[in-house]
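Undergrad: Need the 3D shape of this:
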Amino acid sequence: MNKAMVGRLVNWIAEQKNTIWVNWVQQNYLKGTDWKDYTPSANSNWVWRRICRVKQELLPGYTNRQWDMQGKEFSTAGCYEWLKGSNPKVPWARLIWNGWVVPKHQFLGWLFAHGALRTNDRVVQFGMDIDDSCFLCAQATEGANHLFFECAYSKQRTGTKMQVGVQAAVVWGAMYHIWHERNKCRVEGVITRTGKCSEQIIEDVKARIRGQDFQHMPKAQINWLRQKNLYVMVA
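TA: Prediction:
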């Protein structure tokens, strides 16, 4: 998004917009050089060098001096979409990025989906000479799959079938708190009892549910939340 915002300045120069700033750039930097071929000097202002770097990234989106994004005029939103590209939607997107899941739990789930959690097995791969056993059970190598689905501590949790959104909120909430307990155990050497940890997961989910729009929620869904003891009246 930052590049897209800077891209607006790049586009002003490309289209030779009649503004004081563009005229100043023409006189002090470009000095008759075509914007497409311009390269800043090493001692140029760092902000100007940043604008020029973004210009290089956006060059494929221009035909002559005109932004050529599907025949549309330049816009920050359009530039952002162009920079982002059309990557296929990953299958786990709806499980993590939905309105039921607590944001900090979403982030942990996102890291897990990308295999980016710094569990002991990955730290060893980085070249660190450490004990790679699981902090919570000390019975196996600590990897993400073990920590959340195979560890004796994690298996003590029970659950029921839920609608996709709430189920995802519970799953990622559980993963978040397991990860939190793992880090606390690593630093402090103590583990919270699983019952208390489960209570915190449910409280987090209830807090998220409290922010939902119940006025437009189907009655059947509200009844389902009541049955699961997850429906929270808002004063």
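
Undergrad: Where does the record place the domain boundaries for this structure?
TA: 2-84, 93-205 (automatic domain parsing).

Undergrad: Name the residues that touch stretch 15-25?
TA: 12-13, 26, 65-66, 74 (Cβ atoms under 8 Å, 6 or more residues apart in numbering). Bear in mind the C-beta positions are built from the backbone N, C-alpha and C, glycine included.

Undergrad: Show only the entries of the residues you listed found in strands.
TA: Of the contacts of stretch 15-25, the ones assigned to strands by DSSP state E are residue 66.

Undergrad: Which members of the contacts of stretch 15-25 are classed as buried?
TA: For those, a burial check counting by 16 or more other Cβ atoms under 10 Å picks out 12-13, 74.

Undergrad: any idea which of the domains of the chain scores lowest on pLDDT?
TA: Set side by side, those give their lowest mean pLDDT on domain 93-205, at a mean of 84.

Undergrad: roughly how far apart are the residue of the chain most remote from its centre and residue 64?
TA: Of all residues in the chain, residue 32 has its C-alpha farthest from the mean position, at 42.8 Å, by Cα atoms, centre = their mean. Counting by Cβ to Cβ, to the nearest Å, the gap from residue 32 to residue 64 is 18 Å.

Undergrad: longest helix of this protein?
TA: Across the chain, the longest stretch assigned as helix under DSSP state H is helix 164-188.

Undergrad: Give me the next element, helix or strand, following that one.
TA: helix 194-210 (DSSP states H and E).

Undergrad: For that next one, which helices and strands make contact with it?
TA: Packing partners of helix 194-210 (3 or more Cβ pairs under 8 Å, 6 or more residues apart in numbering; DSSP states H and E): helix 164-188.

Undergrad: Report the angle between the helix it packs on and helix 194-210.
TA: 140 degrees (axes from the mean of the first three to the mean of the last three Cα atoms, to 10 degrees).

Undergrad: Mind listing what's buried along helix 164-188?
TA: Buried residues in helix 164-188, defined by neighbour count with 16+ other Cβ under 10 Å: 165-179, 181-182, 185.

Undergrad: I'd like the domains of the chain as JSON lines, with distance to residue 220 appended.
TA: Output for the domains of the chain, formatted as JSON lines (distance: least, Cβ to Cβ, whole Å):
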{"stretch": "domain 2-84", "distance to residue 220": "37"}
{"stretch": "domain 93-205", "distance to residue 220": "10"}
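
Undergrad: Deepest-packed of those domains, please.
TA: Per-stretch averages of neighbours, counted by mean count of other Cβ atoms under 10 Å, single out domain 93-205 among those, with a mean of 16.
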